[in-house]
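Chemist: next input, structure requested:
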Amino acid sequence: SADDIFISQTSGNVVVGAGAKMLLIPSDGANGGAPIAANIVWQIAGYLTVDASAHLEGVFLIKNHAAFEAQSSLNGRILAQTAATLIKTTVIEPAAPSGA
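Modeler: Okay, the predicted model is just below:
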């Protein structure tokens, strides 16, 4: 639901293929109950590479670097310890959780 918080951790790297799309779908199938990007946290101990035209959702905490290729997009935030490379990338600030 929109109030749930999701945390995903990996000790390695994450590579998102070209054209991949992350969709936030309500668990009950009803409109308005989908998770929101601000409540999805990805902790990556390696690096993040997002290939061309891919779309992600959530807040990304990255130990190394993040690279977003041409026409990729993110509904969320990127926090990388070393560097973030955005090539013609659209980053949208996620909606705040209800009650925030």
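
Chemist: residues touching the closest residue to residue 82 other than its chain neighbours, list them.
Modeler: Nearest residue to residue 82, sequence neighbours excluded (CB to CB, 6 or more residues apart in numbering): residue 65, at 4.9 Å. In this view, the C-beta of every residue, glycine as well, is placed from N, C-alpha and C. Neighbouring residues of residue 65 by CB atoms under 8 Å, 6 or more residues apart in numbering: 47, 48, 80, 82, 83, 84, 85.

Chemist: show me which of those are buried.
Modeler: Buried members of the contacts of residue 65, counted by 16 or more other CB atoms under 10 Å: 47, 48, 80, 84.

Chemist: would you turn the contacts of residue 65 into a markdown table with pLDDT?
Modeler: Listed next are these as a markdown table, based on pLDDT from 0 to 100:
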| residue | pLDDT |
| --- | --- |
| 47 | 97 |
| 48 | 98 |
| 80 | 96 |
| 82 | 95 |
| 83 | 96 |
| 84 | 95 |
| 85 | 96 |
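
Chemist: now do the strands in the protein.
Modeler: In the chain, the segments counted as strands under DSSP state E are 6-10, 14-16, 40-44, 48-50, 55-62, 65-68, 73-80, 83-86, 90-92.

Chemist: residues contacting the fifth one, please?
Modeler: Under the contact criterion CB under 8 Å, 6+ apart, strand 55-62 has outside partners 6, 16, 20-24, 37-38, 40-44, 47-48, 50, 66, 72-81, 84, 94.

Chemist: put the buried members of those residues into a PyMOL selection.
Modeler: Under the burial definition 16+ other CB under 10 Å, those of the contacts of strand 55-62 that qualify are selected in PyMOL by:
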select buried, resi 16+37+38+40+41+42+44+47+48+50+66+72+73+74+75+76+77+78+80+84+94
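
Chemist: distance check, residue 52 against residue 65.
Modeler: 17 Å (CB to CB, to the nearest Å).
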